[in-house]
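In: what would the 3D arrangement of this be:
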Amino acid sequence: MELNTTAKGDVRVVAVNGNLDALTAPELADALSTQLRQGNAKLVADLTGLEYTSSAGLRVLLNAAKEARSKGGDLRFAGVQTNVKKVLDLSGFMSIIKSFPDADSAVASYA
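Out: Predicted coordinates for the structure are as follows:
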């Protein structure tokens, strides 16, 4: 898995590429926690390059959403691919975390 974090105004976009599983989930958890500790509570998970997620990855995303919301922000999804969207739909994530077609529209949703 590869992560790339960029700032777009007061929103932090974390692009996730590859597979998100029990081995890689701690790396994403660290990246999101770092942003939250630094006071960046408006987060976008750009999942355009995410090919697969396990339950470990889902836990990380849910925990980040809860923590961001407790700090007055949120976590939003961008660019969810079909195979990952199926997992997110089945697990109920698409009903609790807003999803957008791309990172720019997810960032704009915070305005």
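In: where exactly do the helices run in the chain?
Out: 25-37, 55-70, 82-90, 93-96, 103-108 (DSSP state H).
In: quick one: contacts for Gly49?
Out: 2, 15-18 (C-beta atoms under 8 Å, 6 or more residues apart in numbering). All C-beta spots, glycine's among them, are computed from the backbone N, C-alpha and C.
In: report pLDDT for it.
Out: pLDDT, Gly49: 98.
In: how much space separates it from Gly72?
Out: 29 Å (C-beta to C-beta, to the nearest Å).
In: Lys71 contacts Gln35, correct?
Out: No. The criterion here is C-beta atoms under 8 Å, and Lys71 misses it with Gln35 at 10.4 Å.
In: so these two - more neighbours on which side?
Out: Remark: of Lys71 and Gln35, Gln35 carries more neighbours, 22 against 14, as counted by other C-beta atoms under 10 Å.
In: quick one: the more buried one from Ala56, how far?
Out: From Gln35 to Ala56 the distance is 19 Å (C-beta to C-beta).
In: then Gln81?
Out: Distance from Gln81 to Ala56, by C-beta to C-beta: 18 Å.
In: please say which of these two ends up with more neighbours.
Out: Ala56 (16 against 13).
In: is the most centrally placed residue in the chain bridged to anything, and to what?
Out: For the chain, the residue nearest the mean C-alpha position is Ala45 (2.8 Å; C-alpha atoms, centre = their mean). Taking DSSP bridges as the rule, Ala45 bridges to Val14, Phe77.
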